[in-house]
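Engineer: I need the structure of the sequence given here:
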Amino acid sequence: MYKQIGILTGGGDAPGLNAVIRAIVKTAIGEFGMKCIGIEDSFEGILGETHTVKLNLKAVSGILPRGGTILGTRNRGSFTKVVDGKTIIPEMPIDEALENLKKLDIEALIVIGGEGTLAIAEQFNKRSFPVIGVPKTIDNDLSATELTFGFMTAIDIATEALDRLHTTAASHDRVMILEVMGRNTGWIALHAGMAGSADVILIPEIPFSFDSMLDKIRQREKTGSRFTNIVVAEGAVEVGTQPIYMDKEALRLGGVGSHLRRRVEAETGKESRCVVLGHLQRGGSPNAFDRMLGTNFGANAVRALANGQTGKMVALKAGEVITVPLADAVKNLKNVSVDGQLVRTARDIGISFAAPNESKL
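Structural biologist: Prediction:
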């Protein structure tokens, strides 16, 4: 049994991080008699002059509904860098990190993060340091788990935004474009678009035709609907083009919504507006589901360590929390299936994905 474990959060923040931290600490102390050390600012906290904080029951009291992470997080630093427009994991300072963990008397790590953070955790596992991962990403793009915490809250926020834009669009006969996060996957756009009665959903998995999107707008005009609501994932691409970046050097996606707004207005003459939801999807309190899922993940991560498991990630399968190898968890992204049930359902109810020749699909 481990006497003391370390906890860190990495990557972008997500609703539910504090719920996981709270569950880890309460389970480790109350159920297994372990001490907990919080590592601040992701893996950066165990490099150089270390930055850590002791986590006891008082430290996690009241943090369940709080957004963000009390430990701080990073998605850039010594463990990742951008080279030639690609994010890579360089030769990492693992030796320094392991030496510092030894000095801190940390015997095992629970790492909370998405694809990149868990890929770094796997490097610790390869060096035989005990580690358990907890899947966190609002994008819901980890293939080894049915859901990641943070996703459901992000959908709620995007759906509410679309509800509000709907009334403005109808009142002013406008085309309203809502740009949401999603990078390489369209899960947020798809779920929020369906829940919020979007007319067009643009996702990275289905390259879109601008002409097909215009056709949908014009079809609605002919049937008396003089407004159109469009949800676009930040990583959506037009056929034959590349994703649009607000900062290409840093690989920061953004701008596709405004790009489409200008073109729609120029081609149709209709007043158009774009709202970029951005970090509103990440911030604020987690909803009830993400609080529950984060708590379940955190408690089971501690239990996995106590039972001698390492190099694993907790995951949701058929409503139960299981463990899967970290290597499998980060091997592939989970993309929206272009002919899956959700996409078929969306098309059945008249939502367009603006695919080329969509009317023939």
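
Engineer: what about the helices in the stretch 151-300 of the chain?
Structural biologist: 151-172, 187-195, 210-222, 256-268, 288-306 (DSSP state H, counting those that start in this stretch).

Engineer: quick one, which of these is packed in tightest?
Structural biologist: Highest mean neighbour count of those: helix 187-195, a mean of 25 (counted as mean count of other CB atoms under 10 Å). Placement of C-beta: from N, CA and C, glycine included.

Engineer: So which residues make contact with that one?
Structural biologist: 138-141, 151, 154-155, 158-159, 161-162, 180-182, 198, 201-203, 231-233, 236, 281, 334, 336, 342-343, 345-346, 349, 351 (CB atoms under 8 Å, 6 or more residues apart in numbering).

Engineer: So how do I select the buried members of these in PyMOL?
Structural biologist: A single PyMOL command selects the buried members of those (16 or more other CB atoms under 10 Å):
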select buried, resi 138+139+140+141+151+154+155+158+159+161+162+180+181+182+198+201+202+203+231+232+233+236+281+334+336+343+346+351
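
Engineer: quick one: which of the contacts of helix 187-195 sit in strands?
Structural biologist: Residues of those located in strands (DSSP state E): Val180, Ile201, Leu202, Val231, Val232, Ala233.

Engineer: Same list, these, but as a markdown table with distance to Leu190 please.
Structural biologist: Shown next, in a markdown table, are the ones in strands among the contacts of helix 187-195 (distance: CB to CB, whole Å):
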| residue | distance to Leu190 |
| --- | --- |
| Val180 | 10 |
| Ile201 | 6 |
| Leu202 | 10 |
| Val231 | 8 |
| Val232 | 11 |
| Ala233 | 8 |
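
Engineer: Those residues into TSV, with extra columns for distance to Lys26 and pLDDT?
Structural biologist: Converted to TSV, the ones in strands among the contacts of helix 187-195 look like this (distance: CB to CB, whole Å; pLDDT from 0 to 100):
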residue	distance to Lys26	pLDDT
Val180	33	97
Ile201	40	98
Leu202	42	98
Val231	38	98
Val232	41	97
Ala233	36	97
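
Engineer: Buried residues of stretch 273-289, list them for me.
Structural biologist: Buried, per 16+ other CB under 10 Å, within stretch 273-289: 273-277, 280-282, 284-287, 289.

Engineer: Name the nearest of the residues you listed relative to Ser171.
Structural biologist: Ranked by distance to Ser171 (CB to CB), the buried residues of stretch 273-289 are led by Arg273 at 12.0 Å.

Engineer: you'd agree the closest one is up against Ile177?
Structural biologist: Yes: Arg273 lies in contact with Ile177 (CB atoms under 8 Å); the separation is 7.0 Å.

Engineer: Mind listing the shared neighbours of the two?
Structural biologist: If you check Arg273 and Ile177 against CB under 8 Å, 6+ apart, the residues they both contact are Arg261.

Engineer: coming back round to it: closest to Gly33 out of the helices of the stretch 151-300 of the chain?
Structural biologist: Comparing these under CB to CB, the one sitting nearest is helix 288-306, at 9.8 Å.

Engineer: Quick check: what element follows that closest one along the chain?
Structural biologist: Going down the chain from helix 288-306, the next helix or strand is strand 312-317, by DSSP states H and E.
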